[in-house]
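S.K.: Here is my input, please return the structure:
(chains A and B)
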Amino acid sequence: EDQVTQSPEALRLQEGESSSLNCSYTVSGLRGLFWYRQDPGKGPEFLFTLYSAGEEKEKERLKATLTKKESFLHITAPKPEDSATYLCAVQAINSGYALNFGKGTSLLVTP
Amino acid sequence: GAGVSQSPSNKVTEKGKDVELRCDPISGHTALYWYRQRLGQGLEFLIYFQGNSAPDKSGLPSDRFSAERTGESVSTLTIQRTQQEDSAVYLCASSHGLAGGYQETQYFGPGTRLLVL
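M.R.: You can find the predicted model right below:
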């Protein structure tokens, strides 16, 4: 059975304090791994897609990496506006078009 | 261009009543998905539409749930005889559909928050 586990569940950082969020996955075959950001009361906002181990993508203070078992979302020098829940999802070969989501990491960045 | 839109944004209903939720996908996107997000849980896939093909209903939790889509436009998700455990945020997403939904980025709407009393 496909599984996606995100850690930590919650993370509190001071502004400028870099850290990483983890997404571990177990799937029969990976089609793609997706990172989204979700603000309270809103729908998930797309950040990155990674398709194969070794791939990396960057956007502003965020960098996503992928191995055969996990993905990391690195946040460099975060700002309070980076506070949100970060969701990881995988699309697997045996799950068709559906995205299988983890429960998310709730990030709070304080000034 | 406009993103995915959903209505209503909030819905409060009584147990046993039927509700209908609406989704307008991004213009030109042929693939449309419905997900459910319960408090403290990850998003759960419900149903997938691709063009005029038969929908993938494998995620629907019971026969009280159904969905329709007219061509490549608006979709409605209907929940009959609502139960308290149906309380959740219902999210709609769309993708361009050129790859049949595989490896495509899904863009989400703001969701409909459903509360069943």
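
S.K.: Check whether the strand or helix carrying A:Gln6 comes near chain B.
M.R.: Using DSSP states H and E, A:Gln6 falls within strand A:3-7. Yes. Applying Cβ under 8 Å from any Cβ of the partner chain, one finds strand A:3-7 touching chain B at A:Val4. Yep, even glycine has a C-beta here, placed from its N, CA and C like the rest.

S.K.: Quick one: mean pLDDT over that strand.
M.R.: Mean pLDDT, computed over strand A:3-7, is 96.

S.K.: Name every strand pairing with it and say which way it goes.
M.R.: Neighbouring strands of strand A:3-7 in its sheet, by DSSP bridges, are strand A:19-26 (antiparallel).

S.K.: next structured bit after the partner strand?
M.R.: strand A:30-38.

S.K.: now for that next one, which elements pack on it?
M.R.: Secondary-structure packing of strand A:30-38 (3 or more Cβ pairs under 8 Å, 6 or more residues apart in numbering or on different chains; DSSP states H and E): strand A:19-26, strand A:45-50, strand A:70-75, strand A:84-92.

S.K.: Quick one: mean pLDDT over whatever helix or strand comes next after the last one.
M.R.: Okay, so that is strand A:84-92. Scanning forward in sequence from strand A:84-92 by DSSP H and E, the next helix or strand is strand A:100-101. For strand A:100-101, mean pLDDT is 95.

S.K.: Would you mind writing the CA trace of the next helix or strand after strand A:100-101 as CSV?
M.R.: Counting by DSSP H and E, the next helix or strand C-terminal to strand A:100-101 is strand A:105-110. Presented in CSV, the C-alpha positions along strand A:105-110 are these (Å, rounded to 0.1, in the frame of the first residue of the first chain):
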residue,chain,number,x,y,z
THR,A,105,3.9,20.1,8.2
SER,A,106,2.6,23.2,9.8
LEU,A,107,5.4,25.8,9.8
LEU,A,108,5.4,29.0,11.9
VAL,A,109,8.1,31.6,11.4
THR,A,110,8.3,34.2,14.1
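
S.K.: related to what we said a few turns ago, same list (the helices and strands packed on strand A:30-38) but as a markdown table, adding mean neighbour count.
M.R.: As requested, the helices and strands packed on strand A:30-38 are arranged in a markdown table below (neighbours: other Cβ atoms under 10 Å in any protein chain shown):
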| stretch | mean neighbour count |
| --- | --- |
| strand A:19-26 | 17 |
| strand A:45-50 | 18 |
| strand A:70-75 | 19 |
| strand A:84-92 | 23 |
